[in-house]
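Colleague: Provided below for reference: sequence and predicted model.
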Amino acid sequence: MKKSIQRFRIRTVCLVAGLALAGHSAWAVNPFTVRDIRVEGLQRVEPGTIFGSLPFRVGETYNDEKGAAAIRALFSLGLFKDVRLETNGDVLVVIVEERPTVASIEFSGSKEFDKEVLQKSLREIGLTEGRPFDKALSDRAEQELKRQYINRSLYGAEVVTTVTPIERNRVNVSFSITEGGPAKIREIRIVGAKSFSESTLKGLFEQDTGGWLSWYTKSDRYSRAKLNADLETLRSYYLSRGYLEFQIDSTQVAISPDKQDISIAINITEGPKFVVSSIKLEGNYLDKTDEFKSLVTIRPGEPYNAESVAATTKAFQDHFGNFGYAFARVEARPELDRANNLVSLVLQADPSRRAYVRRINITGNDRTRDEVIRREFRQLEGAWYDGAKIRLSRDRVDRLGFFTEVGLETGEVAGAPDQVDLSLNVAEKPTGSVQLGAGFSSSDKFSVSFNLKQENAFGSGNYLGVEVNTSKYNRALVFNTVDPYFTADGISRTIDIYHRNTQPYEEQGGNYQLTTTGAGLRFGVPFSESDTVYFGANFERTSIKVGTNIPAAYLSYADRFGYNSSAIPLTIGWTRDDRDSALAPNNGRYQRLNAEWGVGGDARYVKASYQIQQYIALNRQFTLAFNSDVGWGKGMGGRPFPVFKNFYSGGLGSVRGFEQATLGPRDVTGSFIGGTKKFNLNGELVTPFPGAGNDRTLRMFAFADVGSVFGESEKFATDQLRASVGVGISWVSPLGPLRFAYANPVRKFAGDRIQKLQFQIGTSF
């Protein structure tokens, strides 16, 4: 008798239909013991992938239920567009048809996004080169691309997908994109505002109906995330002015039929304005109630201010942290008297338990060594939690100037209620710059310049600087290095070696030269967390080579004291830095005092300078900054002050709007020779650049400068000071701090050299 062969076949258009057929097929198979399993149709998928997914093995019993499970398992791999199971006696044959793989992905018509951005978004949904492809994935890709464009307010964007089969069961996928124009906000309405004008409230928003900078800021493009942020800003505005029951009832966003115009309507209920009647402290304040009371920033009789309440509770928590209570809870509970529109504020405190720091974790420092960061920490692992030391540690790391962002978080340790871990996350910025330049001019002829500066050499925290300049009038070879931790106690060491050959007044057409060669060694000793005192000594030799049109001041000094002058100045200095950041400070003060005393050699003199910078944060956006720089010098031993040690003023770093180093005395030849007394005063109002968000590396400022220098025989005279006002941009670029300034001199004198537009890399103020 001829052996009968039973077969069943399951074809699938989709997974659901396949499972239905597998579960209810009319061609049911009688259970049998599988003697062998064969796989057909594989091209790229390994057979082991199939065998590993089957719910049975050789030697086990096969039935319809296991067949349906096998179909489900194979389809769930996402690798096949068709699966068939056939039996030939007691041999099971698995026949698959693989889904094609993506050979390439191309985009056309996209201007808003770079190709890499779109590829990344598709990769996140599973569409990338080398991965299996099907129609469902294509639909998801179209939706994802449209979502990317909607996030940029391009609501009319259309995406057409073209799939081109090629050899070896592969496909090329191309997306043709028609972007269309962006939908712009044409109207914003705030309904229900009574206490404040609608224009005042809309002025708080990051989104608006457009302005002269909208082409750059794109503030008139709708974004749900930005709208939510604007609503929070609106809520904070009311809550900080006493409107304790303020509510945003609804928000409607309507788009025009052509998907080009957007209207936003915000419905609010202001509620009554509440005034603080009293403030009570309840709970456990560690018997230091008076200390905590001094931290309260809101006063009875003032409108309720949610920002002040939040600042007070945070100050309480920080103060608890100073005593080791990392988990202190402080709740501000308002008790309302609606009849009189009064609120009594109850500050309930629970210090919880004292904790110590188990571990300090550092992330984000791909180049900077861990030890460079850890040596700035004053909070130690294994020590009691100290909030003041933790904040100081964070500020010291920020003041290194190596990072654009420094974030510090405290986390509980599972299973250890009295322990915490500190997690410091930093975002590194470029700390080095290499500049190579060549130029030709009628005065300098051909010149080459090279500058290498690395504030964080090889991630060690050391500073290294090399400067080479072959200009005819300003030749220089300078090497300096700073090791901030020359000793484990934090004593720094600075080495300077330099050779400069200058002819500073090339407009005179002279050929004289001023050559200075020297070396110096300086040590910095930290006397406190913010105070460092510097001690050092230099050796310098200055030569004056006579030539045509030499400034009379140089010639007079050389005739009296020789054309070669040596000096051995001792130096002492002091700095105090409690700024919140060295990169872009918003709060704090920086002070620097330097003194130089020529005790040996031919030049005998004393020279001192003092600089102070003060930063005051007016709010989250505006910072007020002041800088004052004064200097004084005097000759000793019956000799005048060396003319080559004079102070100079004018230009960036002093009084902007005037040419660099052109203020103050001139000699009989008309050359600018500087002076022995210097005074500069600068004020700046700093704000983030429009559209840059909270980016601290790009900011704009308005400024006012006053200053000048005076000769040894001149008295300081306020009526001789120059002044200017202007605006500028500061940018921490990959080449270093870059500042542009446009200044208009408002107090100038005949003969002053004006230079309204100035820029410089690596300067401050």
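Modeller: Great, that's in hand.

Colleague: any stretches of the stretch 451-600 of the chain with poor pLDDT?
Modeller: Low-confidence regions of the stretch 451-600 of the chain, defined by pLDDT under 70, span residues 451, 471-474, 503-511, 583.

Colleague: try 50
Modeller: For the stretch 451-600 of the chain, the stretches with pLDDT under 50 are 505-506, 508.

Colleague: helices of that one, start to end?
Modeller: Counting by DSSP state H, counting those that start in this stretch, the stretch 451-600 of the chain has these helices, from start to end: 552-561.

Colleague: with the chain instead?
Modeller: Secondary structure of the chain (DSSP state H): helices located at 15-24, 47-53, 64-76, 115-123, 135-150, 198-202, 214-217, 224-239, 289-293, 306-322, 370-374, 387-399, 552-561.

Colleague: Thr431: which of those helices is closest?
Modeller: When the helices of the chain are compared for distance to Thr431 using CB to CB, the nearest one is helix 370-374, at 11.1 Å. C-beta: built from backbone N, CA, C; applies to glycine.

Colleague: quick one: mean pLDDT over the closest one.
Modeller: For helix 370-374, mean pLDDT rounds to 93.

Colleague: so which residues make contact with that helix?
Modeller: If you take CB atoms under 8 Å, 6 or more residues apart in numbering as the criterion, helix 370-374 is touched by Ile360, Ile362, Asn365, Val397, Leu400, Phe402, Leu424, Val426, Asn456, Gly459, Ser460, Gly461.

Colleague: what residues sit buried inside it?
Modeller: Neighbour-count burial for helix 370-374 flags Val372, Ile373 (criterion: 16 or more other CB atoms under 10 Å).

Colleague: just give me how far that helix sits from the chain centre.
Modeller: Computed by CA atoms, centre = their mean, to the nearest Å, the separation of helix 370-374 from the middle of its chain amounts to 20 Å.

Colleague: again with stretch 650-664
Modeller: Average the C-alpha atoms of stretch 650-664, do the same for its chain, and the two points are 31 Å apart (CA atoms, centre = their mean).

Colleague: quick one: residues in contact with it.
Modeller: Stretch 650-664 is contacted from outside by 504, 629, 648-649, 672-675, 680, 703, 705-711, 722-724, 726, 728, 739, 741, 743-745, 748, 752-756, 758-760, 763-765, using CB under 8 Å, 6+ apart.

Colleague: of these, buried ones?
Modeller: Burial by neighbour count, 16+ other CB under 10 Å: within these this picks out 504, 629, 648-649, 672-675, 680, 703, 705-711, 722-724, 726, 728, 739, 741, 743, 745, 748, 755, 758, 760, 763-765.

Colleague: before we move on, back to that, with the contacts of helix 370-374 in mind, which one is nearest to Glu124?
Modeller: For the contacts of helix 370-374, the closest approach to Glu124 (CB to CB) belongs to Val426, at 26.5 Å.

Colleague: hmm, back to that, out of the helices of the chain, indicate the one that is most buried.
Modeller: Between the helices of the chain, the one whose residues have the most neighbours on average, counting mean count of other CB atoms under 10 Å, is helix 387-399 (a mean of 20).

Colleague: against which helices or strands is that helix packed?
Modeller: In terms of contacts (3 or more CB pairs under 8 Å, 6 or more residues apart in numbering; DSSP states H and E), helix 387-399 is packed against helix 306-322, strand 403-413, strand 416-428.

Colleague: for Val191, find the nearest of these.
Modeller: Counting by CB to CB, and looking across all of the helices and strands packed on helix 387-399, nearest comes helix 306-322 at 22.7 Å.

Colleague: that older thread, any idea which of the helices of the chain gets closest to Leu380?
Modeller: Closest among those, once you apply CB to CB, is helix 387-399, at 8.4 Å.

Colleague: for that closest one, what is the distance to the chain centroid?
Modeller: 18 Å.

Colleague: please begin residue numbering at 141 from this point
Modeller: Taking 141 as the first residue, the last one we looked at is helix 527-539.

Colleague: got the angle for that helix vs strand 543-553?
Modeller: 150 degrees (axes from the mean of the first three to the mean of the last three CA atoms, to 10 degrees).

Colleague: mean confidence score for helix 527-539?
Modeller: For helix 527-539, mean pLDDT is 90.

Colleague: who touches Ala842 in this structure?
Modeller: Residues in contact with Ala842, defined by CB under 8 Å, 6+ apart, are Glu824, Leu825, Val865, Gly866, Val867, Gly868.

Colleague: before we move on, back to that, need the buried ones from the contacts of helix 510-514 selected in ChimeraX.
Modeller: Taking 16+ other CB under 10 Å as the burial criterion, the selection of buried members of the contacts of helix 510-514 in ChimeraX is written as:
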select :500,502,505,537,540,542,564,566,596,599,600,601
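
Colleague: distance of the residue most central in space within the chain relative to Arg280?
Modeller: Among the residues of the chain, the one closest to the centroid is Thr544, at 3.9 Å (CA atoms, centre = their mean). To Arg280, Thr544 is 36 Å away according to CB to CB, to the nearest Å.

Colleague: rewinding a little: what is the nearest of the contacts of helix 510-514 to Val486?
Modeller: Using CB to CB, Leu564 comes nearest to Val486 of the contacts of helix 510-514, at 35.3 Å.

Colleague: and that closest one, what does it touch?
Modeller: Taking CB under 8 Å, 6+ apart as the test, what Leu564 contacts is Ile500, Asn501, Ile502, Thr503, Ile513, Arg534, Val537, Val546, Gly547, Leu548.

Colleague: the residues you listed into JSON lines, with extra columns for distance to Pro474?
Modeller: Written out in JSON lines, the entries for the contacts of Leu564 read as follows (distance: CB to CB, whole Å):
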{"residue": "Ile500", "distance to Pro474": "38"}
{"residue": "Asn501", "distance to Pro474": "38"}
{"residue": "Ile502", "distance to Pro474": "40"}
{"residue": "Thr503", "distance to Pro474": "39"}
{"residue": "Ile513", "distance to Pro474": "42"}
{"residue": "Arg534", "distance to Pro474": "32"}
{"residue": "Val537", "distance to Pro474": "38"}
{"residue": "Val546", "distance to Pro474": "35"}
{"residue": "Gly547", "distance to Pro474": "31"}
{"residue": "Leu548", "distance to Pro474": "31"}
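
Colleague: please verify my assumption that Ser670 contacts Asp718.
Modeller: Yes - with contacts counted by CB atoms under 8 Å, Ser670 reaches Asp718, the gap being 4.7 Å.

Colleague: which of these two has more residues huddled nearby?
Modeller: For Ser670 versus Asp718, neighbours defined as other CB atoms under 10 Å are more numerous around Ser670 (19 against 16).

Colleague: can you tell me how far that one sits from Ala735?
Modeller: Ser670 sits 20 Å away from Ala735, going by CB to CB.

Colleague: show me where pLDDT drops low in the protein?
Modeller: Within the chain, the stretches with pLDDT under 50 are 141-166, 577-587, 645-646, 648, 903-905.

Colleague: could you redo the last one with a cut-off of 70?
Modeller: 141-168, 353, 356, 573-591, 611-614, 643-651, 723, 831-836, 873-877, 900-905.

Colleague: sorry, back to before: with distance to Lys420 added, can I get the helices and strands packed on helix 527-539 in TSV?
Modeller: As requested, those are arranged in TSV below (distance: least, CB to CB, whole Å):
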stretch	distance to Lys420
helix 446-462	13
strand 543-553	28
strand 556-568	29
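
Colleague: and these: which comes nearest Val300?
Modeller: Counting by CB to CB, Val300 lies closest to strand 556-568 out of the helices and strands packed on helix 527-539; the figure is 39.5 Å.

Colleague: in that closest one, which residues are buried?
Modeller: With burial defined by 16+ other CB under 10 Å, the residues of strand 556-568 counted as buried are Asp558, Gln559, Val560, Asp561, Leu562, Leu564, Val566, Glu568.
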